[in-house]
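In: Pasting a predicted model and its sequence here:
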Amino acid sequence: MSGLDIPSYDEALTSRSRNGTGDGSSEERAGLLGQFPRSNYRRPTVEDVRSSEDSILRPTVRPRRRSSEESLHRELQQFEIIDPPTDPRPSSSRRAYQHLQKRLSTFASSVSSSLPRLRFPRGWPTCRWPAIPSLPCTKYLEFLIPYYRLLVVAFVIIIIYFLLASDLFNFRGRTFLGQVFDPATVQTYAFNEVDKSNIQHYLEYVTGFGHMAGTEGDQMVAKYIEGEFRSFGFDAVDKEEYEVFLNYPKNDGRRVAIVEPKNLAWEASLEEPQPPGMKQPPHIFHGYAKSGDVTGRLMYAHYGRPEDYAALQKKGANFTGAIVLVRQFGAIPDTGVLVHNAESAGAIGCLLASGHWDLPPGEQPGRGNMVTRGSVALMSQMLGDVLTPGYASTQSAARVSKNGNPGLVNIPSLPISQNVAIHLMKNLEGFGAQLEQTKGMPPLWSGNLSSPVVRLENQLVEKDKQRISNVLGLVRGMEQPDRQIIIGNHRDAWCWGASSPNSGSAILLEVARIFGKMMAYGWRPLRTIVFASWDGGEYNRIGSTEWVEDHVDDLRRNGMAYINLGAAVSGTVFRASGSPPLESVLVKVLNRVNHPVQQTPLSDIWLQQKQTLSGLGAGGDYAPFQHFAGISSIDIGFTGTEKGVPEWIPPNSCEDTYDFMAKKDPDFEYHHVVAQVVSLLALELADASNMPFNMTHYAAQTLSWFTSLESYVQSLPKDDKHKLDLSALRTSVSQMQTNMAKFDAKIEEWTASEDEVKFLEFDGAVGNAKRISHNSRMANFEHHLLETGEEGGVYAKGRGGKGWFKHILVAPNIHNAYETTYFPAIRDALDAGDWEAAQSNVEKVAKRLSAATDKILN
């Protein structure tokens, strides 16, 4: 596959985006909703960019036209609807009668005369009304004639009422011109409409060239996706831009070399080989890394965990002033934390070795010269642009300093290949303490004060205000248009990004195409659906976070659920993580979709393996929705293999190409299955009369989290000063069990009989109001679990100074942002040894949880 002509990094950083569109078309197939006319493929076009101030979430207010009072009175007098001014003399009863008669007569005449006359084609049989004999007093009864016309109006109104009552015309989107959009039929149509060839086409285009966030290639992909969204016929398509802090590698600005002793002098080859059919890969570097040039002795620290440093220090290792070599993909996949741990141990630089080292050599993806790029942002402290924490990075927004910023590391780092790491390890032999031998690796030594000296150079270009673009497409809901179900994926990649993240981008486009096609038939969901292609996701979930921060008030009022598609296909084992109330509806959807190889329902595999939704950390664009906006979120996809290999290939490597994906999923069956799951899940959330949240399950999960917290507290050494009373929190958790059971029982009570099911739909105004209120209470529950106060809240002394993470029940683990901590404010205080803060946070969390649990019932 030939690449596109993409300029160098320096050109990309300084040039404006060129127009770029992709070719391709998809076959229109007959579906359960009937035939839709074929149309020639139209190249996507892009409208002028709109700023975030013109978001599709913000309503447009149009001023009403008003005529002057004087002109209005004059027209009313002219048409005899009101009388002209008269002398204010007392009128007789006769005059009052004549006045009333004229007003009624004139009004009836104006109404009846405005009705169009029915005309029939020639040849049609006609009929005449019976002639009314003339009466000598007719001239006295002329004013009654308009009332005959009013009878005709009443008759027509009755006919229209019966037409509407028969559901032939329904303007709420469920029925149109007699075509019934039964939710089950719509789901079947969407399920069958997924086209693997479309997914394949989308993936081939978006992986055809490098598209790192903020570069010209990234803008080209944004324009392509925007053009596709417009071609799908969405109700609105928008591109919202932000100006954020990004950094990029300088040409010839990176170096890793042994400089002493002279007999060991050596310089590493840092760049990855050029994949067949692709252009030269982008330079390797770490996003949000510290720019610098440091020289120090080489030390080795296993997987870079705090316990690794502690164990090595017991063996005499001293990391102060050293450059530390760490193996990646161990217990901590969070690269930012790995660099931060080296910094905390006293190191002045850090090298992260790519690959899965614990696997046999023949089963290791990423062996050899492959390099895993990534960001070293401290995601457990804050997400988004680290220069605008908690608010959107608009052009005029205030920026904080990079110096001492809690979201940034303070020592330079670089990713390196296994081959480079092995060479460095071999040169440590005989220095420091000998460590336990690992199969397939050279002898391991810790290093000491006499270790070989290494130079680490990492010169970066820093852009404090680099433009990024989110692309949004909207399908407006008919019953609750303000309420939103959001489906998102970030498109930017460190290299080509076939599995991560653009398997998700290709699936997002195919699901969007299907929903657009259903719109062409007249279908609309009950709630609004927003399709989102985020930018800057690889750096620190920037695009999604800035959008959430920009619209946080609206999202906390109206956001109902978020579905994330990150690395949607990077293996063969189905995985899902998310908020507990979404688990039941996920299992329901999985029951309808078969595993592409085993051909058994995914729900059977899910239940056999006793899987449950794992918690949400900061590993995807779901993080700002769940942790900052309080919107129930879920992340789904295939990852890993049955042999335990985490991925087919390490993410963010330039080996992650379209050709590689075509070999691993040649028929795009795994992509096909994920698209089916997402389509059904979106319809369940956006188009079901009753939101399919299971609040009782949420209560059960919260109880299990509390039990784990109790066990953790009991495992800590205690004395008179170190005690924690959890009774208030225990009471709140127990109250949650009771209230959630009552809440879910209401749905069962309302749907106990067939008549009440109908009453719950659109025909009963009272039932409809109850249903909408019930749905809103479920969605708002997580909003009420947010600690939004800047001072005095559970995060007053929390992460990032003011506490970017707001949810009282879940947050990314402070030591590994890809994992989840439950009751985070309490756990963080305990881990810091601050028992007083921990006790204070117990009381605050209990109070907040009780209030949220009360609100859902009352």
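Out: Noted; the coordinates are in hand.

In: can you pull the contacts of residue 276?
Out: Going by C-beta atoms under 8 Å, 6 or more residues apart in numbering, residue 276 touches residue 659. Bear in mind the C-beta positions are built from the backbone N, C-alpha and C, glycine included.

In: typo on my end, it should be residue 449
Out: Counted by C-beta under 8 Å, 6+ apart, residue 449 has contacts 297, 318.

In: What is the subsequent helix or strand relative to whichever strand or helix holds residue 676?
Out: In the assignment (DSSP states H and E), residue 676 maps to helix 669-687. Using DSSP H and E, the next helix or strand after helix 669-687 towards the C-terminus is helix 695-715.

In: Quick check: buried residues in that following helix?
Out: Residues 695-702, 705-706, 709, 713 are the ones in helix 695-715 that count as buried (16 or more other C-beta atoms under 10 Å).

In: The residue lying closest to residue 687 once chain neighbours are set aside: what secondary structure?
Out: Distances taken as C-beta to C-beta, 6 or more residues apart in numbering put residue 525 closest to residue 687, at 4.4 Å, once the chain neighbours are dropped. Classification of residue 525 by DSSP: H, G, I helix; E, B strand; the rest coil places it in coil.

In: Residue 845 now?
Out: Following three-state DSSP, we place residue 845 in the helix state.

In: Give me the number of neighbouring residues for it.
Out: Residues lying near residue 845 (other C-beta atoms under 10 Å) number 22.

In: Distance of the nearest residue to it once chain neighbours are set aside relative to residue 224?
Out: In this structure, residue 845 finds its nearest non-sequential neighbour in residue 808, 4.9 Å apart by C-beta to C-beta, 6+ apart. Using C-beta to C-beta, to the nearest Å, residue 808 is found at 41 Å from residue 224.

In: circling back to that earlier point, verify the stated contact: the residue nearest to residue 687 with residue 477.
Out: Yes. The criterion here is C-beta atoms under 8 Å, and residue 525 meets it with residue 477 at 5.2 Å.

In: Settle it for me: which of the two has more neighbours?
Out: Neighbour totals were compared for residue 525 and residue 477, and residue 525 leads with 28 against 21 (other C-beta under 10 Å).

In: Quick one: residues contacting that one.
Out: 173, 475, 477-478, 485, 683, 686-687.

In: returning to what we had before: next, the residue nearest to residue 687: phi, psi?
Out: Residue 525 adopts backbone torsions of phi -80, psi 170, taken as degrees, to the nearest 10.

In: Please shift the residue numbers so they start at 8 in all later answers.
Out: Okay, using 8 as the starting number, the last item reads as residue 532.

In: Now do it against residue 566, distance only.
Out: Taking C-beta to C-beta, one finds residue 532 at 15 Å from residue 566.

In: same deal with residue 346?
Out: Look at residue 346 and residue 566: by C-beta to C-beta, they are 33 Å apart.

In: Also residue 221?
Out: For residue 221, the distance to residue 566 (C-beta to C-beta) stands at 27 Å.

In: And for residue 217?
Out: On the measure of C-beta to C-beta, residue 217 and residue 566 end up 33 Å apart.

In: quick one, phi psi at residue 263?
Out: phi -130, psi 120.

In: And residue 671, by the same measure?
Out: Here is the backbone geometry of residue 671 (degrees, to the nearest 10): phi -80, psi -40.

In: go on, residue 623?
Out: Torsion angles, degrees, to the nearest 10, at residue 623: phi -100, psi 120.

In: And the pLDDT for it?
Out: With respect to pLDDT, residue 623 scores 96.

In: Residue 863 and residue 705 touch, don't they?
Out: No. Using C-beta under 8 Å, residue 863 is not in contact with residue 705, being 10.1 Å away.

In: show me where pLDDT drops low in the stretch 8-157 of the chain?
Out: Residues of the stretch 8-157 of the chain that meet the criterion pLDDT under 70 lie in 8-152, 155.

In: quick one: buried residues of stretch 249-259?
Out: For stretch 249-259, by 16+ other C-beta under 10 Å, it's 249-257.

In: Tabulate the residues you listed (a markdown table), appending pLDDT.
Out: Compiled in a markdown table, the buried residues of stretch 249-259 are given as follows (pLDDT from 0 to 100):
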| residue | pLDDT |
| --- | --- |
| 249 | 98 |
| 250 | 98 |
| 251 | 98 |
| 252 | 98 |
| 253 | 98 |
| 254 | 98 |
| 255 | 97 |
| 256 | 96 |
| 257 | 95 |
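
In: which among those residues gets closest to residue 428?
Out: Closest approach to residue 428 among the buried residues of stretch 249-259 (C-beta to C-beta): residue 256, at 19.6 Å.
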